[in-house]
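Undergrad: got a predicted structure plus its sequence, pasted below:
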Amino acid sequence: MTHSEWSDIYYEKLRGMETTVEELKQLKETRIKQIAQIEQKGDKSQYSVAQHYMAQVEAIERLLRERQTNACLLYTSDAADDTPCV
């Protein structure tokens, strides 16, 4: 299975979970730290684990972008004046 396919699987799994943006950010930070630890140790037997963690990070980033984009629309009484948040 390719890295991109793993990322898609993690994305779909995360999408189905009731997670907050803050929880997703914490999970992302945890995975990034775990990747760094694997790289520091230089243990090649753990590189596939690091690749899975990286796929998870990419899925989290994708979901965060989606949630942040969809969650922010300013409402005014005139529909033509609805403006996305910045």
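TA: Ah, there it is.

Undergrad: point to the residue nearest the middle of this protein.
TA: When the chain is reduced to its mean C-alpha position, the closest residue under C-alpha atoms, centre = their mean turns out to be I60, at 0.9 Å.

Undergrad: how many residues are close by the spatially closest residue to it that is not a sequence neighbour?
TA: The shortest distance from I60 to any residue that is not its chain neighbour, by C-beta to C-beta, 6 or more residues apart in numbering, is 4.5 Å, and that residue is K28. Backbone N, C-alpha and C define where each C-beta goes, glycine included. The burial metric for K28, expressed as a neighbour count using other C-beta atoms under 10 Å, is 19.

Undergrad: what residues of the longest helix along the chain count as buried?
TA: Taking residue count as the measure and DSSP state H as the definition, the longest helix of the chain comes out as helix 47-70. Of the residues in helix 47-70, those buried under the neighbour-count criterion (16 or more other C-beta atoms under 10 Å) are A50, H52, Y53, M54, A55, Q56, V57, E58, A59, I60, R62, L63.

Undergrad: gap between the residue nearest to the centre of the chain and S7?
TA: Shown here: I60 relative to S7, a distance of 10 Å by C-beta to C-beta, to the nearest Å.

Undergrad: what of L24?
TA: 14 Å.

Undergrad: check A59 too.
TA: A59 sits 5 Å away from S7, taking C-beta to C-beta as the criterion.
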